[in-house]
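Predicted model and sequence follow; I will ask about them next.
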Amino acid sequence: MSKASPIWLPIFFLFAQLFHASQADLGTASQYKPPYTPTECFGNDPTQFPSSNFFAAAGEGIWDNGAACGRQYLISCINSVLPKACKAGETIQIKIVDRAKTSQSRPTKEGTTMVLSNAALAAIALPNTPSLNIDFRQ
């Protein structure tokens with residue numbers, strides 16, 4: 001009877017962490033349109049927006065008393081109320097610049113985890129999709 005080499009144990013745990021499903025969270029996203037300023041996080045500062053225009057307002061579930069400001073998330077669309085609205089395989093990085101509850105422009109659906117800019121939503125789903133189920137991780 002042979003025993004497994006101890007070297008394989010750390011490698012196994014490394015792969016388990018890399019491919020463990022709990023590294024990402026599931027949530028919902030809606031969309032908001034300009035005007036995007038002033039924001040709860042950075043006021044009227046035009047440099048708050050990434051050059052990609054991939055940014056979002058945080059819903060109450062991730063707002064964290066303002067600690068969400070400036071956080072970056074990788075997000076992808078899982079599904080939507082509209083058939084085939086998600087762009088399969090697309091993952092984008094967004095920056096939190098605002099709070100959904102107090103944003104200048106209102107979301108297409110209240111109570112979502114994130115409210116995406118026009119550009120961010122269009123990168124992962126058909127434009128003007130009212131809401132999405134998303135996979136996200138910081």
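Yes, it's here.

C-alpha from now on. contacts and neighbour counts both.
Will do.

which ones are touching the residue most central in space within the chain?
With distances taken as CA atoms, centre = their mean, the chain has residue 75 as the residue nearest its mean C-alpha position (4.2 Å). Residue 75 makes contact with 91, 92, 93, 94, 134, 135, 136, 137 under the criterion CA atoms under 8 Å, 6 or more residues apart in numbering.

now the strands for this structure?
25-31, 55-58, 72-80, 91-99, 114-116, 132-137 (DSSP state E).

tell me which residues in the third one are buried?
Okay, so that is strand 72-80. Buried residues in strand 72-80, counted by 16 or more other CA atoms under 10 Å: 72, 73, 75, 76, 77, 78, 79, 80.

Could I get those in CSV, plus columns for pLDDT and distance to residue 87?
Shown next, in CSV, are the buried residues of strand 72-80 (pLDDT from 0 to 100; distance: CA to CA, whole Å):
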residue, pLDDT, distance to residue 87
72, 98, 21
73, 98, 18
75, 98, 12
76, 98, 9
77, 97, 7
78, 97, 9
79, 96, 9
80, 95, 11
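
State the distance from residue 43 to residue 68.
15 Å (CA to CA, to the nearest Å).

out of the two, which sits in the busier spot?
Counting neighbours by other CA atoms under 10 Å for residue 43 and for residue 68 shows that residue 68 has the greater number, 20 against 13.
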